[in-house]
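1. sequence and predicted structure are below.
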Amino acid sequence: MKHALVKDHIIQTASHLFYQNGYNLTGINEIIKEAGIAKATLYNHFKSKEDICIAYLQHKNSMFISEIKAFVEERKHGENRILALFDYLDQFFNSKEFNGCWCINTISEIPKDNTKIREEILNQKQNLIVYITELIKNNLEGLSKDNSKSIAKQVYLLYESAVSESYLQNDIWPIHSAKTICKQLL
């Protein structure tokens with residue numbers, strides 16, 4: 001296999017294991033075994049488990065952003081595109097793969113002083129706020145830049161709480177409730 005394909009295979013394998021089993025419960029040897037590679041091959045691509053975790057977070061986020069953007073863009077212009085965030089989450093919750101937020105799951109397992117992973121997660125969350133801000137600006141009229149940012153942060157909090165609570169409750173009602181509150185906010 002080509003170098004890039006092997007690296008991608010390792011990332012996909014680690015992503016599945018980290019997301020389903022957790023960062024701390026997934027060892028390097030398990031990744032090696034599941035990927036069907038030699039230890040030297042893994043370390044040829046990644047210096048540490050932390051580096052694999054960063055690649056995992058980036059992989060999950062890249063897939064999420066492309067999927068949610070495509071999903072939202074299919075909706076009618078206006079408020080519907082913003083509310084589509086929760087429709088996407090509803091669909092994700094109902095998939096067999098839903099295991100909560102990969103960022104929150106990971107951050108809860110690492111020490112506070114692990115700035116490398118923490119910064120990656122914070123960056124992903126900030127980028128989600130930026131995306132929601134753009135959705136607000138492009139789909140609601142008459143809002144100032146500050147109002148758009150403020151509403152975006154509120155929608156973000158609704159979205160994030162819906163992810164966490166639907167996972168915790170193992171039920172769809174937090175997503176539906178968050179969407180209802182979002183409608184009132186908009």
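-> Noted; the coordinates are in hand. Residues are numbered from 1 along each chain as shown.

2. now do the buried residues in stretch 58-72.
-> 59, 60, 61, 64, 68, 71, 72 (16 or more other C-beta atoms under 10 Å). Bear in mind the C-beta positions are built from the backbone N, C-alpha and C, glycine included.

3. so what's the residue count around residue 25?
-> Residue 25: 11 surrounding residues under other C-beta atoms under 10 Å.

4. ok, residue 161 next?
-> Neighbours of residue 161 (other C-beta under 10 Å): 15.

5. who are the contact partners of the residue nearest to it when sequence neighbours are not counted?
-> In this structure, residue 161 finds its nearest non-sequential neighbour in residue 178, 6.4 Å apart by C-beta to C-beta, 6 or more residues apart in numbering. The neighbours of residue 178, taking C-beta atoms under 8 Å, 6 or more residues apart in numbering as the test, are 86, 158, 159, 161, 162.

6. how about a markdown table for the buried residues of stretch 58-72, with secondary structure and distance to residue 116 added?
-> Below are the buried residues of stretch 58-72 laid out as a markdown table (DSSP: H, G, I helix; E, B strand; the rest coil; distance: C-beta to C-beta, whole Å):
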| residue | secondary structure | distance to residue 116 |
| --- | --- | --- |
| 59 | helix | 16 |
| 60 | helix | 16 |
| 61 | helix | 15 |
| 64 | helix | 20 |
| 68 | helix | 25 |
| 71 | helix | 31 |
| 72 | helix | 30 |
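
7. closest one of those to residue 126?
-> Proximity to residue 126 was ranked across these by C-beta to C-beta; first place goes to residue 61, at 11.5 Å.

8. show me the shaky parts of the chain.
-> By pLDDT under 70, the low-scoring segments of the chain are 1.

9. and the helices in the chain?
-> Taking DSSP state H, the helices of the chain run over residues 3-21, 28-35, 39-45, 49-73, 79-93, 102-107, 115-139, 145-169, 173-185.

10. not counting its neighbours along the chain, what's nearest the most centrally placed residue in the chain?
-> By C-alpha atoms, centre = their mean, the chain has its centre lying nearest to residue 61, at 4.8 Å. Beyond its immediate neighbours in the sequence, the residue positioned closest to residue 61 (C-beta to C-beta, 6+ apart) is residue 124, lying 4.7 Å away.

11. I'd say the one you found and residue 103 touch.
-> Yes: here residue 124 reaches residue 103: they are 5.9 Å apart, a contact under C-beta atoms under 8 Å.

12. how about residue 95, phi and psi?
-> phi -80, psi 160 (degrees, to the nearest 10).

13. from residue 89, how far off is it?
-> 11 Å (C-beta to C-beta, to the nearest Å).
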